[in-house]
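Asker: sequence plus the predicted model coming up.
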Amino acid sequence: MSNCSFNPSAFSMQRGFQVGLLLLLVQLFQEGPGNIPAITLAVLGFNVYLFVFPAAPPLKACMSLGLVYHNKEWRRLLLSPLHHIDEWHLYFNMASFLWKGVRLERRLGGGWFLYLLSVFFLLTGLVYLLLQALMIKLMEDADPSDPLLGHMQSLSRECVVGFSGVLFALKVVSNHFNPGGVTYVMNIRVSNRLASWAELVLIYLIYPGTSLVGHLAGILVGLLYTVGPLRTIMEACADVLSSDRASPRQHSYYSSSGYSGTRRAHGEEPRPAEDPTSDYSESFIAGLTEEEQIELAIRRSLNNPGRTRQRETTHDPEETEDLRRRRLRRFEQGVSNQRRGQW
């Protein structure tokens with residue numbers, strides 16, 4: 001699970017029988033393809049695809065401050081994490097990603113896990129370049145006799161390739177969710193709070209070809225998410241994007257039975273259906289007999305007694321009294337007309 005660095009002038013590689021790919025395939029079947037979440041499986045498959053059909057050779061994909069910033073080869077920021085030097089480099093990185101990806105994607109959800117991977121993918125490269133720039137600045141003020149000067153010079157000139165910067169960031173996030181647990185780094189039992197730092201040192205001591213700065217960049221990005229402002233910034237950006245995609249006039253809302261309609265802007269709720277008996281005009285009511293008017297009033301009251309009371313309570317007292325008088329006059333006129341017809 002290393003982020004390999006190499007000397008471009010001395011780099012050479014020949015690919016024969018891919019034992020690492022075979023072991024990775026065996027591990028996938030042991031895990032069960034159906035048990036691997038979609039984003040994890042897709043990212044793993046894309047890394048394998050770019051190993052078999054690389055977008056660029058490692059010499060053209062590796063990343064360093066001189067090549068990216070000074071030579072303006074910004075595409076290396078995208079190519080470097082997705083390319084690997086050899087089959088074993090790919091196998092260890094993808095085996096580690098499989099373990100972390102399955103657990104984190106199940107915990108965070110596919111959408112947020114993809115968002116997290118995308119941010120880590122870009123930030124680890126940028127932080128790596130910043131660390132290299134910081135080392136170059138420190139070397140300018142360093143004592144030429146300092147024994148660490150030569151070591152810093154080699155670190156500032158290294159060209160890295162591989163996915164392990166992102167893996168270290170994911171490891172910090174995974175350990176953050178289980179702070180009281182322990183893990184084993186090179187068969188050494190280490191608390192989860194210190195596991196990333198212990199792995200950073202031990203891997204570099206045992207495998208000197210790995211990139212100390214690249215792994216450190218991943219740890220710093222992971223800390224920016226777990227204890228720094230990165231998570232808050234990501235959540236704010238996600239809220240802005242989700243609100244921009246919503247229609248300014250209508251927003252769909254979700255009920256337990258699925259999407260069930262639209263909700264108007266400014267919090268206006270859909271209006272309830274009107275009582276069909278409320279559409280009767282005053283002229284229609286005046287033309288009814290006394291018995292028919294009483295029957296209509298009873299039917300309206302039975303259909304929606306609560307709303308009838310609510311409407312009466314919301315009227316102004318003077319308006320209510322005036323309405324009562326007009327209804328009484330219409331009722332008396334209707335009774336008088338009915339009696340004249342009988343006579």
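Answerer: Noted; the coordinates are in hand.

Asker: who's in contact with V102?
Answerer: By Cβ atoms under 8 Å, 6 or more residues apart in numbering, V102 lies in contact with E31, N35, I36, P37, T40. Using the backbone N, CA and C atoms, a C-beta is placed for each residue, glycine as well.

Asker: my guess is the last one contacts W99. True?
Answerer: No - using Cβ atoms under 8 Å, T40 is not in contact with W99, being 9.7 Å away.

Asker: out of these two, which sits in the busier spot?
Answerer: T40 (24 against 18; other Cβ atoms under 10 Å).

Asker: how much space separates the more buried one from I219?
Answerer: Remark: distance between T40 and I219 (Cβ to Cβ, to the nearest Å) = 21 Å.

Asker: may I have the phi/psi pair for N178?
Answerer: Note on N178: its backbone torsions stand at phi -140, psi 70 [degrees, to the nearest 10].

Asker: ok, G162 next?
Answerer: phi 130, psi 160.

Asker: next, the contact list for M63, please.
Answerer: If you count contacts by Cβ under 8 Å, 6+ apart, then M63 has R76, L77, L79, S80, G125, Y128, L129, C159, V160, V161 around it.

Asker: those residues in strands, which ones?
Answerer: With DSSP state E as the criterion, strands contain C159, V160, V161 from among these.

Asker: ok so, going back, can you redo the contacts of M63 as a markdown table with pLDDT and distance to F51?
Answerer: Supplementary listing: the contacts of M63 in a markdown table, determined by pLDDT from 0 to 100; distance: Cβ to Cβ, whole Å:
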| residue | pLDDT | distance to F51 |
| --- | --- | --- |
| R76 | 95 | 17 |
| L77 | 94 | 19 |
| L79 | 95 | 12 |
| S80 | 95 | 14 |
| G125 | 95 | 19 |
| Y128 | 95 | 21 |
| L129 | 95 | 24 |
| C159 | 91 | 18 |
| V160 | 92 | 16 |
| V161 | 93 | 11 |
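
Asker: report the mean per-residue pLDDT for stretch 139-155.
Answerer: Mean pLDDT, computed over stretch 139-155, is 75.

Asker: buried residues in that stretch?
Answerer: M139, M152, L155 (16 or more other Cβ atoms under 10 Å).

Asker: return the member of the ones in strands among the contacts of M63 nearest to T183.
Answerer: The nearest member of the ones in strands among the contacts of M63 to T183, counting by Cβ to Cβ, is V160 at 24.4 Å.

Asker: correct me, but that closest one touches Y128?
Answerer: Yes - between V160 and Y128 there is a contact at 6.9 Å, judged by Cβ under 8 Å.

Asker: look at those two and report which has more neighbours.
Answerer: Y128 (29 against 26).

Asker: what about the closest residue to the more buried one other than its chain neighbours, neighbour count?
Answerer: Closest residue to Y128 apart from its sequence neighbours, by Cβ to Cβ, 6 or more residues apart in numbering: A217 at 4.0 Å. Neighbour count for A217, taken as other Cβ under 10 Å: 27.

Asker: same check, this time on L122
Answerer: Residues contacting L122 under the criterion other Cβ under 10 Å number 15.

Asker: from the contact counts, what lies against the longest helix along the chain?
Answerer: Longest helix of the chain, by residue count under DSSP state H: helix 110-140. Judged by 3 or more Cβ pairs under 8 Å, 6 or more residues apart in numbering; DSSP states H and E, helix 110-140 is in contact with helix 38-52, helix 65, helix 76-79, helix 87-108, helix 148-157, helix 164-176, helix 212-226, helix 230-245.

Asker: how about P144, secondary structure?
Answerer: Three-state call for P144 (DSSP: H, G, I helix; E, B strand; the rest coil): coil.

Asker: quick one, phi psi at it?
Answerer: phi -60, psi -20.

Asker: now do I85
Answerer: Dihedral angles for I85 - degrees, to the nearest 10 - are phi -70, psi -50.

Asker: pLDDT value on it, please?
Answerer: Confidence for I85, expressed as pLDDT, is 91.

Asker: quick one on the thing from earlier: export the helices and strands packed on helix 110-140 to JSON lines and append columns for distance to L21.
Answerer: Formatted as JSON lines, the helices and strands packed on helix 110-140 follow (distance: least, Cβ to Cβ, whole Å):
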{"stretch": "helix 38-52", "distance to L21": "7"}
{"stretch": "helix 65", "distance to L21": "32"}
{"stretch": "helix 76-79", "distance to L21": "20"}
{"stretch": "helix 87-108", "distance to L21": "6"}
{"stretch": "helix 148-157", "distance to L21": "31"}
{"stretch": "helix 164-176", "distance to L21": "18"}
{"stretch": "helix 212-226", "distance to L21": "23"}
{"stretch": "helix 230-245", "distance to L21": "34"}
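
Asker: next, the contact list for V43, please.
Answerer: F97, G101, L117.

Asker: E31 too?
Answerer: Counting by Cβ under 8 Å, 6+ apart, E31 has contacts L98, V102.

Asker: where does the stretch 101-250 of the chain dip in pLDDT?
Answerer: 244-250 (pLDDT under 70).

Asker: again, only using 50
Answerer: Scanning the stretch 101-250 of the chain for pLDDT under 50 picks out the ranges 247-250.

Asker: if I pick G20, what's in contact with it?
Answerer: D86, E87, W88, L90, Y91.

Asker: that'll do, ta.
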